[in-house]
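Asks: Using only what follows, build the 3D model:
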Amino acid sequence: MLIVDGDFVSKSWLDKFCKYVEALQARWRPDAGNPVRARLADMHQSILSQVYFSDGAKSDVVSELLRHAGFRDITVQSNMADINRAQARHLPLTRSLARRSQHRYAISASKPAD
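Replies: You can find the predicted model right below:
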């Protein structure tokens, strides 16, 4: 099995700073104060609060779940710098910085035949 994922819930200081800068920039957007945007954000938080990894999907926790489910030969690759850099080139500056600070990973594992 190959899992490519990341912890997009836990925020680093850089993520928080970028979010703050984006909030300042949003004040001058034509759709500032749009109630639809606020409703979507509330809906996202509501959904997130109901999922198993509502506190973030850390690679060590996912690996342990795989191990508990009988998977073996679990390998975690968390150096995604090349991928983050390639993706960040196409994003605005604040999102580019945030992307580079996110905890992203790939986990490979196998399960023996029964």
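Asks: where does residue 6 land in three-state SS?
Replies: Classification of residue 6 by DSSP: H, G, I helix; E, B strand; the rest coil places it in strand.
Asks: no wait, residue 14
Replies: helix.
Asks: Tell me the pLDDT of the closest residue in space to it that isn't next to it in sequence.
Replies: In space, residue 14 comes closest to residue 101 once its chain neighbours are excluded; the distance is 4.3 Å by Cβ to Cβ, 6 or more residues apart in numbering. (Glycine included, C-beta is placed from N, CA and C.) Here, the pLDDT recorded for residue 101 equals 76.
Asks: Now do the contacts for residue 101.
Replies: 12, 14, 15 (Cβ atoms under 8 Å, 6 or more residues apart in numbering).
Asks: make it 10 Å
Replies: Residues near residue 101 by Cβ atoms under 10 Å, 6 or more residues apart in numbering: 11, 12, 13, 14, 15, 17, 18, 84.
Asks: if I pick the fifth one, what's in contact with it?
Replies: Translated: residue 15. Counting by Cβ under 10 Å, 6+ apart, the residues that residue 15 touches are 8, 94, 97, 98, 99, 101, 102.
Asks: Test my guess that residue 8 contacts residue 55.
Replies: No - assessed by Cβ atoms under 10 Å, residue 8 is found out of contact with residue 55, at 11.5 Å.
Asks: Run through the helices of the chain in chain order.
Replies: 13-26, 35-48, 59-68, 81-88, 93-101 (DSSP state H).
Asks: Give the buried residues for the last one.
Replies: Translated: helix 93-101. 94, 96, 97, 98, 99, 100 (16 or more other Cβ atoms under 10 Å).
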